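Undergrad: A predicted structure for the sequence below; I have some questions about it.
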Number of protein chains: 2
Amino acid sequence: CRQKLTFENLIDEEVAKLLELKAQLGGDDGKHQFVLKTAKGTRDYNPKQMAIREKVFNTIIGCFKRHGAETIDTPVFELKETLTGKYGEDSKLIYDLKDQGGELLSLRYDLTVPFARYLAMNKITNIKRYHIAKVYRRDNPAMTRGRYREFYQCDFDIAGQYDAMIPDAECLKIVHEILSELDLGDFRIKVNDRRILDGMFAVCGVPDDKFRTICSTVDKLDKMPWEDVKKEMVNEKGLSEEAADQIGEYVSMQGGMDLAERLLQDQKMCQSKLACAGLSDIKLLFSYLQLFQVTDKVRHAVVFDLSLARGLDYYTGIIYEAVLTQAGVAPVTAEAQNGAPGEESVSVGSVAGGGRYDGLVGMFDPKGRKVPCVGVSIGIERVFSIMEQKAEASAEKVRTTEVQVMVASAQKNLLEEKLKLITELWNAGIKAEVMYKKNPKLLSQLQHCEESGIPLVAILGEQELKDGVVKLRVVATREEGTRTSTEGVCVCVCVQFSL
Amino acid sequence: CRQKLTFENLIDEEVAKLLELKAQLGGDDGKHQFVLKTAKGTRDYNPKQMAIREKVFNTIIGCFKRHGAETIDTPVFELKETLTGKYGEDSKLIYDLKDQGGELLSLRYDLTVPFARYLAMNKITNIKRYHIAKVYRRDNPAMTRGRYREFYQCDFDIAGQYDAMIPDAECLKIVHEILSELDLGDFRIKVNDRRILDGMFAVCGVPDDKFRTICSTVDKLDKMPWEDVKKEMVNEKGLSEEAADQIGEYVSMQGGMDLAERLLQDQKMCQSKLACAGLSDIKLLFSYLQLFQVTDKVRHAVVFDLSLARGLDYYTGIIYEAVLTQAGVAPVTAEAQNGAPGEESVSVGSVAGGGRYDGLVGMFDPKGRKVPCVGVSIGIERVFSIMEQKAEASAEKVRTTEVQVMVASAQKNLLEEKLKLITELWNAGIKAEVMYKKNPKLLSQLQHCEESGIPLVAILGEQELKDGVVKLRVVATREEGTRTSTEGVCVCVCVQFSL
């Protein structure tokens, strides 16, 4: 009985402890510990990265405008059903919004489907437009390879009923111009046609209902050796070994206009009218590319490659993809070096892709009216990574502001005078800064110029105020001179920037 | 009996019809009828709207850069908890993402909270940055008044421990510069201080725990008459009639530096140290604004207005808001004219707002370290509406491309020659277009120039090819001349554009 009492005491004690613990836990709920991070697969851009981004965008937009494109913008989310049935197996990667009452919404997965929706909605039958915006995919992020869940696409598309391959060739010319201008090293643009792929599948004995899924498997050839791709076709997709081998022969072929000509003579390939139409268009495309001075480059080759498949469902004709081929362009960041062994080996990859999608707009039109489209999307994140790496390696400092002159003071109590002067400068359109302190030291004002690359300092001192002048100093050379008026200062800034 | 048979026949017929109808309906389920629209409260931007948007952004970015700001970017969604507890009663308007496994995410509601998160995460204690991006609010859209669920904010913020009111005054200078430069007519910038509001509530006898909710009610004074605001205070929020009347007296006050001086002598207001600190700062602010040449404008007034409250929880000091005051600037669209009577009457509203938020960064810092911040946000959608309206009213056509020259042909079968010429032009950096047809009519090529405002046409004909020249025509004047080389064409284009 005594033992039982002790036992009961023990239990009471334990219960009390547990209750206290529970109370403590309850108290902690109030001052909840914060997780300081961005969402998985996303990142902030700091000012240095933004300066690089601005430069890259200016190059790309410059090219799009040179080719006469207008621009549009669409909302970041669409009705969920707008995106349904457009992306094949990738649809599972779409971000949905929570049902908070009202419409069911999803974040855009690319800029092509919203573009097609826009065309159908506004009954537009021809337009040449570019669109630069972020898209969203719940993919497995690989930030070291520039693969994010939120990333920019830079799209250029031509919609309209035109003569064959002229707009298609211009899209490739644009990829060529942009990649050359960005100076990313050697690259290769692979070209193929959905009709050639489908024709090839047909003549190799792939059943009609397996075209899309076999196409997805072929698409993996840039990441897997043929043996593994074949295994997937035979074991997982149930294709006959014979059919797979025939496909294997074709998809190992690469060439130029000559290959298209050769395949037009190919006994087996010729059985497919679809393939023939595709091959004739490839020939025509290469003839236009020659006129555009795109094919004659050795380091920037355009290649007809039968292994190129591309995953998205909506392509109907020509497809293409650009890859950087030079060794050493892989964005190797601290993360890659520390964490993920082996990642580097696959890091040189696609930087642009696109193709013809003649059926997509019709899917949105109530009467199914088709608007033929062809376009290209520049995958800019990888380009950013490379440019950042280059900037890091270069001795030149990236400026994050454009300030031309700092308004500084040599003595105390000159804030009023400085604010008056900077007002005149701003009103004259000069980019100018002043420290937000009543009495900053001259040294710290000069240091700020050095750090942020401001080339000129306008120094006010008691003597200058007496004389009615401003002392102007070139930060790099320490040369000094005086100006008698704000106008004089402005002129000097303009001269310095050769404006 | 015969009648009965006829009757049965009729019934059979009706049943057959209904079954057929049912079958048809079932069949329709397959080809599901599409809703062609953007999500509620959002819109596309067409090329014309984009051209206007680009112009407005250039003005704003130009101003931000003139004041030495860097720029950053953050993801469109944040961890849900990052946004929690920052927006007071407005938190219900936040868009959440669906829980698809992984983190709980929400679309950003403004750019200020992500900025504070960025500063705390990267331990940045001073920066002057701008950020232009879309934000998301599940508000009741009023598109005719430029109120959308997806809209742009253009934010400029100064973070850092500085001397009082210097950065705050620069923010107001920036609002003043931008609104003046955009040429939107008269405007008024209202200024107040959270400390003055809180001090005023204290001396008027508002209980501490009712400060925020009474503040929200005061915030409605720009949309509701004082009588209704008072009713809400007394009946809904349970304030004494006496306290409400005292508040009513203060919030009717407007002025400049003189009003701040007068209130510093006010027997009752003086009882609050907080209010006194705020009033002294208002005085200092106005003295800086004078140096910045902001206060001496009649049509663009800065006013100390005790009724300005602003809804967001995070403000701690100076607050301000800019409103367009000129009659007739209301964006009256077709929608407003047809559909929503009475909306126009409240359509002249806030185009910029901001204030000081010294505690927000500390809410994110694990050790609660504070980084004082002040900033301003330009609400650009309303500005777009006004600019669009202006463009609509003006005779001048808005160009949506920058094409300088169209490469055209006078006869058939000249596609090759045209593609060669345009390649030379593109390579020389000229913005040029060619029609995507093998044999377009000269008239349709010239019409395209007229429609899209292309100033020059380079015309190739058999005679020109024989002579080795290009005919160049100025579209507006129909003047024609010949050039002997691509270089000659380029020079001519440059002269035309005075490059």
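TA: All right, it came through fine. Numbers count the residues shown, from 1 in each chain, chains lettered A, B, ... in the order given.
Undergrad: what residue lies at the spatial centre of chain A?
TA: A:Ile380 (2.8 Å; CA atoms, centre = their mean).
Undergrad: ok, it touching A:Val135?
TA: No - A:Ile380 is not in contact with A:Val135 according to CB atoms under 8 Å; the separation is 11.1 Å. Just so you know, the C-beta spots here come from the backbone N, C-alpha and C atoms, and that holds for glycine as well.
Undergrad: thinking again about what came up before, residues contacting the residue nearest to the centre of chain A?
TA: With contact taken as CB atoms under 8 Å, 6 or more residues apart in numbering or on different chains, A:Ile380 is in contact with A:Val56, A:Phe57, A:Ile60, A:Phe151, A:Tyr152, A:Gln153, A:Cys154.
Undergrad: run a quick neighbour tally on the residue nearest to A:Glu54 when sequence neighbours are not counted.
TA: Here the nearest residue to A:Glu54 in space, its sequence neighbours aside, is B:Thr71; by CB to CB, 6 or more residues apart in numbering or on different chains that works out to 7.9 Å. Here the neighbour count serves as a burial measure; for B:Thr71 (other CB atoms under 10 Å in any protein chain shown) it reads 23.
Undergrad: hang on, B:Thr71 packs against A:Met50?
TA: Yes - at 4.8 Å, B:Thr71 and A:Met50 qualify as touching, with contact defined as CB under 8 Å.
Undergrad: how about the CA coordinates for stretch A:264-273, as PDB?
TA: Extracted as PDB, the C-alpha positions of stretch A:264-273 are listed here (Å, rounded to 0.1, in the frame of the first residue of the first chain):
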ATOM      1  CA  LEU A 264      14.600  12.600 -98.900                       C
ATOM      2  CA  GLN A 265      16.200   9.800-100.900                       C
ATOM      3  CA  ASP A 266      16.000   7.400 -98.000                       C
ATOM      4  CA  GLN A 267      13.700   4.400 -99.000                       C
ATOM      5  CA  LYS A 268      12.100   4.000 -95.600                       C
ATOM      6  CA  MET A 269      11.800   7.600 -94.600                       C
ATOM      7  CA  CYS A 270      10.200   8.400 -98.000                       C
ATOM      8  CA  GLN A 271       7.200   6.200 -97.100                       C
ATOM      9  CA  SER A 272       6.000   9.000 -94.800                       C
ATOM     10  CA  LYS A 273       4.600  12.100 -96.500                       C
END
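Undergrad: skipping adjacent residues, who's closest to A:Leu284 in space?
TA: Excluding the flanking residues, the one nearest A:Leu284 by CB to CB, 6+ apart is A:Met165, at 4.5 Å.
Undergrad: how near is the closest residue in space to A:Arg147 that isn't next to it in sequence to chain B?
TA: Distances taken as CB to CB, 6+ apart put A:Pro141 closest to A:Arg147, at 5.9 Å, once the chain neighbours are dropped. Note on A:Pro141: its distance to chain B, by CB to the nearest CB, to the nearest Å, is 11 Å.
Undergrad: tell me how many other residues crowd A:Pro141.
TA: A:Pro141 is flanked by 17 other residues according to other CB under 10 Å.
Undergrad: one more: the one 5 residues further on?
TA: Taking other CB under 10 Å as the criterion, the count of residues near A:Gly146 is 22.
Undergrad: OK, contacts around it?
TA: A:Pro331, A:Glu381, A:Arg382, A:Phe384, A:Ser385.
Undergrad: any chance of JSON lines for these, columns neighbour count and distance to B:Tyr118?
TA: Shown next, in JSON lines, are the contacts of A:Gly146 (neighbours: other CB atoms under 10 Å in any protein chain shown; distance: CB to CB, whole Å):
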{"residue": "A:Pro331", "neighbour count": "22", "distance to B:Tyr118": "22"}
{"residue": "A:Glu381", "neighbour count": "19", "distance to B:Tyr118": "19"}
{"residue": "A:Arg382", "neighbour count": "24", "distance to B:Tyr118": "24"}
{"residue": "A:Phe384", "neighbour count": "18", "distance to B:Tyr118": "18"}
{"residue": "A:Ser385", "neighbour count": "23", "distance to B:Tyr118": "20"}
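Undergrad: which single one of the residues you listed is nearest to chain B?
TA: For the contacts of A:Gly146, the closest approach to chain B (CB to the nearest CB) belongs to A:Phe384, at 11.4 Å.
Undergrad: so that closest one touches A:Ile52, yeah?
TA: Yes - when contacts are counted by CB under 8 Å, A:Phe384 is listed as touching A:Ile52 (6.4 Å).
Undergrad: leaving out sequence neighbours, find the closest residue to the residue in the stretch 101-250 of chain A that chain B sits nearest to.
TA: Going by CB to the nearest CB, chain B is nearest to A:Tyr162 of the stretch 101-250 of chain A, at 3.6 Å. Spatial nearest neighbour of A:Tyr162, chain neighbours left out: B:Tyr436 (3.6 Å); criterion: CB to CB, 6+ apart.
Undergrad: what about that neighbour, which SS state?
TA: For B:Tyr436, the reduced secondary structure class is coil; criterion used: DSSP: H, G, I helix; E, B strand; the rest coil.
Undergrad: quick one, phi/psi of it?
TA: Note on B:Tyr436: its backbone torsions stand at phi -90, psi 40 [degrees, to the nearest 10].
Undergrad: pretty sure it sits against A:Gln161.
TA: No - applying CB under 8 Å, one finds B:Tyr436 not in contact with A:Gln161, separated by 9.2 Å.
Undergrad: which of these two has more residues huddled nearby?
TA: A count of neighbours by other CB under 10 Å puts B:Tyr436 above the other of B:Tyr436 and A:Gln161, at 21 against 12.
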